[in-house]
Each structure stands twice: as C-alpha cells, then as structure tokens.
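[1] generate a structure from the sequence data that follows.
(2 chains)
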Amino acid sequence: MTPPAEEGEEPPLEPAPAVALAGDFPSRPTPAEERRSLGALGLDPVWDPSEDLWRVDVPPEGWVAAAVGASDALQHPLSTLFGEAPREAPGTIRVHALFLGIRPSGGVHLRCALDPPRPTLPTLSTTLPYVAPFERELTEMFGVDVSGLADRRPLLLHEHHPNPPLRPGPASAPDGRRVEYSFRPVEGEGIYEVPVGPVHAGVIEPGHFRFQVVGEKILNLEARLGYTHKGTERLFEGKPSDLGSIWAESVSGDMSLAGAAAYAYAVERALDVAVPPGDEVVRGLLLETERIAFLLGDVAGIALDVGYAAGAARANRLREAAYQTLRAATGSRLGRGTIGVGGLRRPIRGNLDPDLATTYARWREAIGRLRDEWLGKSSVVDRLEGTGEISRWVAELMHFVGPVARASGLRIDLRHDRPYGAYVGTEVRVPRGLTGDVRARLVVKVEEIVESCRLAEEFLRRLPADRSPLEPRRPPSPGERRSGLGWVESPRGEFLVHVTIGPDARLERVHVRDPSFLNWPAIEFAVRGAILPDFPLCNKSLNLSYSGYDR
Amino acid sequence: MTERTVDPPPRPARAPLPGPADPAASPIRYPLGPLELPVGPPRTPLHRAERCEGTGACARACPTDAISVDRSLGPTVVELDYGKCLFCGLCIDACPSGAMASVRFEEMAVRDRADLRLRHGPPSPPLAGSRLADEVRERVRRLYGDSLAIRAVDAGSCNGCEVEVAALLWPRYDLERLGIQLVASPRHADALIVTGPVTRNMRLALEKTYRAVPGPSFVVAVGACGISGGPFRDSPEVEGGVDRVLPVEVYVPGCPPSPVSLLYGLWLALGKVDQRLARGEIPADALRSPPR
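    A predicted model of the protein is given here:
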C-alpha cells in the first residue's frame, strides 16, 4: 500500500509561476528566424495574417522535406492535415498541413496541389507517427493515394462506404463492395481477445475496443472509432459564415463553447471582424466556466471508477452548480447559441449575478479541499499511482495535447502559448504533472479548475460596466475568397477550426481538429501492461471525445 | 448564482460536505414535488399568431428548418416543430414583429411525434389518434411504474445529451430515488433511451441493442438529433432520428434536454403524469411568466 502523500514529500505539481515558464519551453524561433529557416529549405514563405502562419506552396515531391523541415528545424509539431476540393480549381485536391508555433504567432501552413485523376502524396507518418490517422482520413475521404502509409484501413467510414465521399468530380454510385476491417493481430500462447463496444456500459459515447489479454494483463489495445461519424464538416458547406457555429458546437457537445469560440475566431480572422473587448471578456468567462464544469466531470468520473462514491458526489454537486451558472448566464446549460461571429449572440452581462465572483471563489476553495481529502485517502491514491502511465517521451512523440500532455510533463496551453481574445495579456498559470499516471492527470485537472476559477474571477473584474444592448453584427461579404484559422484551448486541449469562405460569405470548406483526434492513441499507450479492470479508470482520466474524433 | 428555494425532504444530520453547500446543487423533489424553473433567460421559442406579420424571417434564420411560413394559401400558416428545434433563439432574434418570443418550459416530452408540431393558421389540421392504446400504457405503468431499468444508447450524439443523461445520477436529480436505474447492459434493461441522429455506423449496433432488451420494452428518443436528426438531418451519414429505426414511445425535445426535461419524459413514459404539450401548444399556465 502506498502511503498517502504528505506535505513536503513529493509535490504533486511543480509550482507554476509565470516567470519560470519561459525556461520550460525549448526556445522557439521568431517569425523572422522562421522565414530564414524556411528559406534555407528552399521554400518561399508568404506571411498570412488571417492564420498567423507562414504559408508555403510545395509540390508533392517536396512535401516530406518541407513538412519534416517545419517540424524539426522549426520545432513545430504538425497540428492538423486535411484535404480540400478548392472551388477555384474544380476537380483538383489541395492538401493542407498546419504547424502551429508555440509562440504568440508564427508557424507554417503547407499547401500542396495534387493532380487529378490519380492524386498521390508521400506519407509523413514514417517520420511523424501521429500523422497516420490524418492520412487515413485523407485517403478515405478524398481518395488520395498516400504512398508509404503502412495502415491503409478506413478510419471513420465503415463497411458501407466504398467510395471517397469528398473526392471532387461526379459522385460514383456505391458498387456494393464491403470494405473489410481487420484488427492488428496479436498472437501467442494464452493470448485471448476481449471485444468491447460499440455500446458501452456507462452513459458514454460509442466506439469499439479490441483488447489482447494474457490473464488480466493487457498486451495490446486497439480502438476502432467512426461510430459517431456524422459528416459534420460537409454540413458546414454552403452555410452563411455566421451560422456555422451551430455545427461547431456539436463537434464535441460537452465543449460547445470552445467549439463555437474556435469557429468564431476562424471566421473573424478570415473576414477581419473586430470583436468588442467586453464580449471577449465574457467569452473568456464562459469558456473558463465550461472548463470548470467539464473537468469536474473528469474528477467525478475518476472517483467513481475507483469506487470513491462520496468524492464523485461532491464533484458532481459542484459540476451541477457550474452548469446552472452557465444556464443563468446564457439560457443553455451547455452555453449553446451564445458565442457567435463578431462577439456574443445575445447580451450576457445583465444576466450575471453581482455576487458571481464569490461563487467562483467558493468553488476554488471547495475543489482545493476536495483534492486534499482525495489525496489523503490511501485507498484512493493506491488506485491512481502508477496507473495508466504515459511517459513524457511518448506524449511528445505522439504530440498529445491538453491536460493529457501536461500531466506527462509537457507545458503546452494555447491560452499561454498563443493567446487569443481575453487571454491576450492575461497571465495563465499552466500546471504540469511529473509522472504521467492517472494521479498526475487528476491533480493537473484539479489545478486547472482552480486556475479557471481564478481566471473567471479576473474576467469578472475586467467586465466593462457598460451594459448597453448588443448591436447585431453580420460578417461582411468579403468579395473574394478568404480563409482563417481559429484556435482555442478547450477543456481537452488544442481545438482548431480552419475555414474557407467564398466571395458570397458562404462557407466552402470547414475543417475541425478536435484535440481528441491527436489524443486518442493515448489510451492505447496508457493501458499497455495494465490490468483489464483498470481500463475504465485510464479511459476516464483521459476523457477522449468520440464525436470530436469522428465528427 | 441566484439563491433559490428548494423543497428539501427532511434528512438526518450528516457530516458536512467539503466547502459551503451550494443551494443550486441541492437535491430536488421533482417530479414528486413542484418543478422549480431554472434561473436564466428563457430559451423555449413560442409563436404568437396575433403578432405575426408572416415575414418568414424566423424560418430563414432557423438552422434546422424547424419553422416554415407559408403564405401561398392566403392566410399565413406558421409551423414550428419542437422536435427539430435547437432552442438557439435565432428565430427570436430575427423576428421583426415580436411574434417569436421565448418562455421557460421544461415539460416538453410527448408520446406522439405530431404533438411536437405547432401549426398556426387555418385550416386546422385533423387530429390523429394517440399512437399507443391506453391499455398498453396502463400495462407499462403496472409493469414498470415502481421499478424501471434503462439502458442509455448513444447512436451518434455529440455527447451533449450524454452530459444531461449522466446528470440524472448526480446528487441533485438522483434518478434512483424514483425507482429508475441506468443499467450497464441491455439484457438488464426494460427500456432504452437513445440519443443522437442514428449514424449509419451505429444503426446496426442500435438495432442489436434493442433486440437484446427483453420485451415488453420501450424506447425514449432524446434530443433534437434523436427525434429528427437535429442539425445533422441533412447529412447522408445519418438516418435522421431514432424512429426511422425503432418504434419510439416518448420523445424528449431539447438540444440537449435539461435533466428536469428528461425526468419529465421518463415520468411521462411511465404514465405517471399527463402530457403537457398538445399539438405544439405550450399550456397556458406555463405562459404566466411574461415571455420576453
């Protein structure tokens, strides 16, 4: 039995003063240095202010060198990769790869035009292993032949999808061919398989898990997803740019506000829409409240899965209070229909309780006490310590994001690294775990709740006294094709939305990169060598979004 | 957070919880006691025919085509389908004459899909009979009225409805005080609550889960997606609602429906309360608080 943590023994977290943060990051190049580095790679970058990235067009044969250069020389991980059937060049496919810099601005946006009718692109997955799911999606959706990609199984589309649905040109009728799916084989004496799902035992989303087990020990886990694939990205197309937040909210519905905000920032950047500072402060307040409610759910879930019902009940009481706060402010418990392009859809400030700051202070104190109570219970801590470990090396190699990465020791947080809206000029303390196990994830999440309460209190202080009603703002018709990138540190981590808007202000292509798209492999690493009964605990501590992955 | 009075049942003294108890998170008695309406701006849209000028602005603003305005027959016919509604409020913002207003109304669940459809304007539609005969309803009530085991199935939801279904187990709503359990397997269940627009990739799993429930059983469709496909209804990747695949006994609108709305829906399914929404008309007593 592990003794309970005592004060002064092993600090669960490094203290996170703002001044020490700079030393934590490898020093990143400035945009000017980036330009020189890209030039040294033989590339000719163009600064794109609507994305805060260097945009580079490369031919397919220069794709790997440019991507690896951006990733290695510039130390920017690949944030997302997606295809587009550009309207200005019908019949062609354009592939985008975005490398976000961990700096207030900077990074690289690679674009590559592929030739019809047999579009091919060399794989990046041999150098950057976490890119494989992006390339599998590109293959199944656009019919791009990604040469060298080892795993060519479909990702989101299941057996009834013989044709790439986003491939430009006339749609060919389904030929009735079924695409068979086979799991990675693991064979040996005494090894048996446990299939789980897609319908799970709890009130959670659907997905299939295939375990290869010896006795109780998990040798390997493979997750197969796609069950909640709704073709969301296609639904944006043709919609007016101010209406798209409806679908952005429904990518991961438990982070509706983060989705709506990331979408709004993307459109605002594309169309140069200015947002009133007061609205940005309210957005920040709502986003932090959503984070509090969301992370309290993780805390409660971990408690339930170690059989600590009292801890779960207490966390869920606080969580209910957080959702009611959102309901009181916005009319929706999840804050839906509130964040729009150009600011807020409806006035919020008049709905805020004058004593709201006291409420956040009360939560901050309550969650702190809850944490102390948790970590003082040896029977709880024993289940958490050493369970579901993800090393810092794996987290970095696989480019995990959000609390999962932070618990493994990476200090990445878009609110700090690439601030947006109300976070510009705001100090955000980013907690970081040391051990990468369930305990580290729990403690990081608790510290994030505390920090979110503090930020909410700060945003409340910064709310302008002015309570004038909102002027309805419509995004202007640009008269030309525009694109923009929005990013938000959602409760699960980096949430990206990339939009292309046509001259008529209608959406032509929207790509949504939920943080869980990067984080899903974490579960496969976390349970390796664990016992099967610890799977739910590992799963809950990672809290991956199925709908965000599948869209 | 505004203080609210609830009606807590007498309970024995216990060790205090960590942190000051938040009255907003205290247990409710509903549906055994009165419904406390949530604090905050109203979000349920309401069409007031007497103010309607038939501009059709609401229908154009609606992201899910939940509203239609037809003037081709002469008098304006406005149809509002709460089964498609996301409660986003865009129709209310768009209406130039104040005909679209909003109220606080949580008890929206219905047995008949047609009862989610409001229609204003002549000629009035013919009333169809209720889908389930009273005797069957009585049988459900007799069988499950005091003990119901439910299996929740996510048929492609965005996970918004799951937040609220899971909230039924939180201390505030405490579903099990009503004799209702969420169970881990369809083999243990009497009923399914199904969320999501039923993606093509989940259809087979949903059908198999339904067949695994021992009969007699029933299905509750939850949320705009579960009822009509919601914002995903135009996607080729979804079937567009649970009743395209399974027979549905009760529909609970919302995006997502609040825990209280879900409690009402389950209570309605058990035959413990009367349906409040009839042909899309919100009952007069719910309109007493002035719409804004």
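[2] CA atoms only for stretch A:186-200, dumped as CSV, please.
    Presented in CSV, the C-alpha positions along stretch A:186-200 are these (Å, rounded to 0.1, in the frame of the first residue of the first chain):
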residue,chain,number,x,y,z
VAL,A,186,-1.5,-10.3,-31.6
GLU,A,187,-0.8,-14.0,-31.3
GLY,A,188,0.8,-16.3,-28.9
GLU,A,189,0.1,-18.9,-26.2
GLY,A,190,-2.5,-17.9,-23.7
ILE,A,191,-3.4,-14.7,-25.5
TYR,A,192,-7.1,-14.1,-25.9
GLU,A,193,-9.2,-11.2,-27.3
VAL,A,194,-11.8,-9.2,-25.5
PRO,A,195,-14.0,-7.2,-27.8
VAL,A,196,-15.8,-4.3,-26.1
GLY,A,197,-18.4,-2.0,-27.7
PRO,A,198,-19.5,0.0,-29.6
VAL,A,199,-22.3,0.2,-26.9
HIS,A,200,-20.5,0.6,-23.6
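[3] give me the contact list for that stretch.
    A:206-215, A:219-220, A:227, A:532, B:153-154, B:186, B:202, B:205, B:209 (Cβ atoms under 8 Å, 6 or more residues apart in numbering or on different chains). (C-beta placed from N, C-alpha, C; glycine too.)
[4] cool, stretch B:207-214 as well?
    A:199, B:151, B:153, B:185-187, B:189-192, B:217, B:219, B:245-246.
[5] among these, the buried ones, what's the ChimeraX command?
    Selection of buried members from these for ChimeraX, criterion 16 or more other Cβ atoms under 10 Å in any protein chain shown:
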select /A:199 /B:151,153,186,189,190,191,192,217,219,245,246
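[6] in the stretch 101-250 of chain B, where is pLDDT below threshold?
    B:123-134 (pLDDT under 70).
[7] the strands in it, which residues?
    According to DSSP state E, counting those that start in this stretch, the stretch 101-250 of chain B carries its strands in the segments B:117-120, B:148-154, B:180-182, B:191-195, B:218-222, B:250-252.
[8] remind me what the fourth one packs against, helices and strands.
    Packed against strand B:191-195 by the contact rule (3 or more Cβ pairs under 8 Å, 6 or more residues apart in numbering or on different chains; DSSP states H and E) you find strand B:148-154, helix B:160-167, helix B:200-212, strand B:218-222, helix B:223-228, helix B:259-269.
[9] what separates that strand from the chain centre, distance-wise?
    Relative to its chain's centre, strand B:191-195 lies at 12 Å (Cα atoms, centre = their mean, to the nearest Å).
[10] could you list the paired strands of it along with their orientation?
    Using DSSP bridges, the strands paired with strand B:191-195 are strand B:148-154 (parallel), strand B:218-222 (parallel).
[11] hey, C-alpha coordinates of that strand in PDB?
    Written as PDB, here are the backbone C-alpha positions of strand B:191-195 (Å, rounded to 0.1, in the frame of the first residue of the first chain):
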ATOM      1  CA  ALA B 191     -36.300   0.400 -21.800                       C
ATOM      2  CA  LEU B 192     -33.700   2.200 -24.000                       C
ATOM      3  CA  ILE B 193     -33.100   5.900 -24.000                       C
ATOM      4  CA  VAL B 194     -31.400   6.700 -27.300                       C
ATOM      5  CA  THR B 195     -29.500   9.900 -28.200                       C
END
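[12] that one versus helix B:200-212: what angle between them?
    170 degrees (axes from the mean of the first three to the mean of the last three Cα atoms, to 10 degrees).
[13] that older thread, could the strands paired with strand B:191-195 be laid out in CSV, adding distance to residue A:32?
    Conversion of these to CSV gives the following (distance: least, Cβ to Cβ, whole Å):
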stretch, distance to residue A:32
strand B:148-154, 49
strand B:218-222, 54
